[in-house]
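1. here is my input; please provide its structure:
(chains A and B)
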Amino acid sequence: MTIKLILAVLVAVVALVAPFLLYPFLLMKMMCLALVAASFNLLFGFGGMLSFGHAAFIGSAAYLTSYAAKVLHLDPMLSILLGVATAALIGLAFGMVAIRRRGIQFAMITLALSQLVYFVLLQAPFTHGEDGLQDVPRGMLFGIVSLQNSINMYYFILGTAVLAMAAIYRLVNSPFGQILIAIRDNEAKATSLGYNIHRYKLGLLVFAAAIAGLGGALKALLFQIATLNDATYIASTEVVIVAVIGGLGTMSGPVLGASAIILLDWLFAEVEFPVMVVNGLVFMACVLMFRQGIAGGIDGIKSHWNVLAKRVANV
Amino acid sequence: MIDPSLQALVSQIFLGLVNGSIYALLSVGLTVIFGLLRIVNFVHGAQYMVGAFLSYILLIEFGIGFWWSLLLSPLIVSAVSAVIERVMISRLYNIDHVYGLLFTLGLTLVTEGVFRYCFGSAGRAYVVPPSLSGTVDLGFVVFPRYRLFVVLASIIICFATWLVIEKTRAGSYLRAANENPDLLRVFGVNVPLLLTATYGFGAALAAVAGTLAAPIYQVGPFMGGTILIVVFAIVVIGGMGSIKGTIVASYLLGVTEALTKIAFPQASSMAVFVIMAAVLVLRPEGLFGRNE
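-> Down below sits the predicted model:
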């Protein structure tokens, strides 16, 4: 237990000091990516619902937040809340149509619905189509703290992300979470026990959509731009890749996956060889052989270490 | 003299049929693969793209014309896909079928990325083969000969596929493997070989679609992506696992899309998805699907 505590303190210290050691923009980018991956992970790794529609949540939140900040001149907190609410509403709409379908069908339907949202965003006048919403002001948080400052923005995103992850943790380890596990393992049995499985799954979908929306909203304020790229099916597939590489069904997976992808992007930035191919190859390897992802790999190393330690102790 | 707006209408419906023909070839391939292997072949769009690119490369690099491409391109794509199925995809059959979808997603990224690296993102043009250029005059309306060929070819191939699967002995093995692969193996049928052959066939269909589509649409590394999503929606509408359903849905939706372009131009790209949402609410198993 004490090792876990030391590790937690270490991580906290690193997180607080990081912006002074590493490029803050990369770190913030990683956190936004980790949030959307956490959302996907919650929905699929925990809830068993494969969603290919995350781009709809991310894109819509990004646009609404940008619009609120740039055109309506709202406080960044309000802009973000607006973005999150939009994403949640879209999640609800998706759920109303798709929640009764299972597994692969659900994935295909969310993909198609997300494409529908893309076309709506493409044509809606307020998004300015291909140009996107540019020069989005980060604003003054609560009117006092300027988020234009990278360090301030970093701590703001860090705080928000930690709160979101805490919320996910709380959800997973709650009665609601337990029922979702039951539904995932055996829908028929859960139904026979009297639970309205569709309502629970819908609830999870809306919550996950909100978290993804949070990631999208923060990303919009971070990059100070909202474009159609956030709403394409390619954005959805990126989320899937990050979550799978990081490790499905774990709390640390999204962060590890996001860090790995950001690292790969950064390493290949100067090289001509497309990072897309590298990401794809790593992803394929994970699906074939390392289904537990990086998080699983770490667990594997830990258990091997434990076995070795015991052997040494017995000598 | 025919009313010009009627002429425009017929032309537009015909264009819808052309799109529907490509959709039909792709959706039949997807359905055949899904029906037997139970995986959603996400790389289908990339196989379509590679099929088109192979035609382009065969023409530009080797001077090999359209008719040979129609034979060679599906052959090559099918062979490569069969190898991938045997070596990698088959390892995923025993676990959740979602991983098949995820793996083929990875394949798509790698394939599209490599082609983008080699050929750039812009589209290339592929000329209509001279033997099929020109128009066919039916008196009241004029059709481009090549597009008429595409529609006819698609109808013939789709019908032939349906015929083989529903009415022949080989097809009956496929349908039996759908329902109970272990029992079929007991009867002495080489089921793994059947799976590989089926996957190769589905990939061949995608490549044929790509070869046929090359002169109509531009040949680019990402041509498979957007069309694949539309085809997914069509497969959901038609009913997953029903070949007849997907064929009918494909042509129907191709025409609907075209008609929408006349009535509400901005909504034409969304039409298929809106219809899919409506079908899901009203008849979730699809138009021809069976309730599982």
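2. now what about stretch A:284-303, what contacts it?
-> A:244-248, A:250, A:252-253, A:256-257, A:260, B:88, B:91-92, B:95, B:99, B:102-103, B:106-107, B:110 (C-beta atoms under 8 Å, 6 or more residues apart in numbering or on different chains). Bear in mind the C-beta positions are built from the backbone N, C-alpha and C, glycine included.
3. quick one: stretch A:233-246 near chain B?
-> Yes: counting by C-beta under 8 Å from any C-beta of the partner chain, chain B has neighbours in stretch A:233-246: A:Y233, A:I234, A:T237, A:V240, A:I241, A:V244.
4. what residues does the stretch 201-315 of chain A put near chain B?
-> So the stretch 201-315 of chain A meets chain B at A:233-234, A:237, A:240-241, A:244, A:272-274, A:276-277, A:279-281, A:283-284, A:287-288, A:291 (C-beta under 8 Å from any C-beta).
5. rewinding a little: quick one: buried ones out of the contacts of stretch A:284-303?
-> Buried members of the contacts of stretch A:284-303, scored by 16 or more other C-beta atoms under 10 Å in any protein chain shown, are A:244-248, A:250, A:252-253, A:256-257, A:260, B:88, B:92, B:99, B:102-103, B:106-107, B:110.
6. got phi/psi on B:V142?
-> phi -110, psi 130 (degrees, to the nearest 10).
7. report the separation between it and B:F14.
-> Going from B:V142 to B:F14 by C-beta to C-beta, to the nearest Å gives 10 Å.
8. next one: A:V9
-> 70 Å.
9. which one's more surrounded, those two?
-> B:F14 (18 against 10; other C-beta atoms under 10 Å in any protein chain shown).
10. run through the residues of the stretch 151-292 of chain B sitting next to chain A.
-> Within the stretch 151-292 of chain B, the residues that sit near chain A (C-beta under 8 Å from any C-beta) are B:225-226, B:229, B:232-233, B:235-236, B:240, B:266, B:269-270, B:272-274, B:276-277, B:280-281, B:284.
11. okay, the strand or helix carrying A:I301 in CSV with CA atoms only?
-> Under the criterion of DSSP states H and E, A:I301 resides in helix A:293-314. What follows is helix A:293-314, C-alpha atoms only, in CSV (Å, rounded to 0.1, in the frame of the first residue of the first chain):
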residue,chain,number,x,y,z
GLY,A,293,-2.1,-2.2,-24.0
ILE,A,294,0.7,-0.3,-22.2
ALA,A,295,-1.1,-0.5,-18.9
GLY,A,296,-1.3,-4.2,-19.2
GLY,A,297,2.4,-4.3,-20.1
ILE,A,298,3.2,-2.5,-16.9
ASP,A,299,1.1,-4.9,-14.9
GLY,A,300,2.8,-7.8,-16.6
ILE,A,301,6.2,-6.4,-15.7
LYS,A,302,5.1,-5.8,-12.2
SER,A,303,3.9,-9.4,-11.8
HIS,A,304,7.1,-10.8,-13.3
TRP,A,305,9.0,-8.6,-10.9
ASN,A,306,6.9,-9.9,-7.9
VAL,A,307,7.6,-13.5,-9.0
LEU,A,308,11.3,-12.8,-9.3
ALA,A,309,11.4,-11.0,-5.9
LYS,A,310,9.7,-14.0,-4.2
ARG,A,311,12.2,-16.4,-5.8
VAL,A,312,15.1,-14.3,-4.6
ALA,A,313,13.5,-14.1,-1.1
ASN,A,314,13.1,-17.8,-1.0
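12. what's the burial count for A:I99?
-> 20.
13. you'd agree it is up against A:K201?
-> Yes: using C-beta atoms under 8 Å, A:I99 is in contact with A:K201, at 5.5 Å.
14. mind checking which of the residues of stretch A:233-246 next to chain B land in strands?
-> Among the residues of stretch A:233-246 next to chain B, no member falls in strands (criterion: DSSP state E).
15. avg pLDDT for the top helix by length along chain B?
-> If each helix of chain B is counted by residues according to DSSP state H, the longest one is helix B:4-37. Mean pLDDT, helix B:4-37: 89.
16. and the pLDDT for whatever residue of the stretch 1-150 of chain B ends up closest to chain A?
-> For the stretch 1-150 of chain B and chain A, the shortest gap (C-beta to the nearest C-beta) falls at B:L109, measuring 3.2 Å. pLDDT recorded at B:L109 is 92.
17. quick one: residues contacting the residue nearest to it when sequence neighbours are not counted.
-> Spatially, and ignoring its direct neighbours in sequence, B:L109 is nearest to A:G280 (3.2 Å; C-beta to C-beta, 6 or more residues apart in numbering or on different chains). Taking C-beta under 8 Å, 6+ apart, we find A:G280 in contact with A:I241, B:G106, B:L107, B:T108, B:L109, B:V110, B:G113.
18. please repeat the previous calculation with a cut-off of 7 Å.
-> Neighbouring residues of A:G280 by C-beta atoms under 7 Å, 6 or more residues apart in numbering or on different chains: B:G106, B:L109, B:V110, B:G113.
19. and the second one, helix, strand or coil?
-> The reference is to B:L109. Following DSSP: H, G, I helix; E, B strand; the rest coil, the label given to B:L109 is helix.
20. likewise for the first one?
-> Three-state call for B:G106 (three-state DSSP): helix.
21. so it touches A:F283, yeah?
-> Yes: using C-beta atoms under 7 Å, B:G106 is in contact with A:F283, at 4.2 Å.
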